[in-house]
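>>> with the sequence up front, the predicted model follows.
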Amino acid sequence: MPTVTKTKKAECLNPNTGGRMNIDKDIYDLFSKAICHTLNKEGAATFTQLVEGVENFFKKQKTKFDGSIGWYAVTVKNDMQARHIIEVVKEKGKTLNRLSK
């Protein structure tokens with residue numbers, strides 16, 4: 001009988017809808033590290049800049065990711081926002097994401 005390995009999951013919260021979903025913990029950790037790296041470097045970033053920062057982080061780390069970077073970035077970003085790791089602020093009419101103080 002084949003062995004079934006269970007992948008660890010991370011529960012992601014959505015602060016806008018209150019919804020929850022599970023993604024692979026390794027993917028969550030990869031994206032949260034890339035998001036934190038981007039926000040540490042940029043200080044504050046629009047969502048587009050955040051996704052570009054994640055893509056650049058993957059390139060520098062030589063990380064190949066076949067899934068939708070934008071989808072995972074927004075899912076992990078929303079969870080980090082719900083857990084108060086990231087805050088969303090408005091500056092000069094732009095919505096920016098930054099690490100919470």
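Sure, I can see it. Numbers count the residues shown, from 1 in each chain.

>>> hey, let's count contacts and neighbours off CA atoms from now on
Fine.

>>> give me every residue that touches the nearest residue to D24 once chain neighbours are set aside.
Leaving aside its chain neighbours, D24 sits nearest to K9 (4.5 Å; criterion: C-alpha to C-alpha, 6 or more residues apart in numbering). Listed by C-alpha atoms under 8 Å, 6 or more residues apart in numbering, the contact set of K9 reads N22, I23, D24, K25.

>>> quickly list what the first one is bridged to.
It stands for N22. Going by DSSP bridges, N22 is paired in beta bridges with E11.

>>> burial count for it?
Other residues lying near N22 total 13 when counted by other C-alpha atoms under 10 Å.

>>> how far away is it from A45?
According to C-alpha to C-alpha, to the nearest Å, N22 stands 26 Å off from A45.

>>> report the buried residues of stretch 37-47.
H37, T38, L39, A44, A45, T46, F47 (16 or more other C-alpha atoms under 10 Å).

>>> export those to a markdown table and tack on pLDDT and distance to N97?
Formatted as a markdown table, those follow (pLDDT from 0 to 100; distance: C-alpha to C-alpha, whole Å):
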| residue | pLDDT | distance to N97 |
| --- | --- | --- |
| H37 | 96 | 13 |
| T38 | 96 | 10 |
| L39 | 97 | 8 |
| A44 | 94 | 5 |
| A45 | 96 | 5 |
| T46 | 96 | 6 |
| F47 | 94 | 7 |
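
>>> CSV for those residues, including distance to K94 and secondary structure?
What follows is the buried residues of stretch 37-47, written out as CSV (distance: C-alpha to C-alpha, whole Å; DSSP: H, G, I helix; E, B strand; the rest coil):
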residue, distance to K94, secondary structure
H37, 21, helix
T38, 18, helix
L39, 16, helix
A44, 11, coil
A45, 9, strand
T46, 7, coil
F47, 10, helix
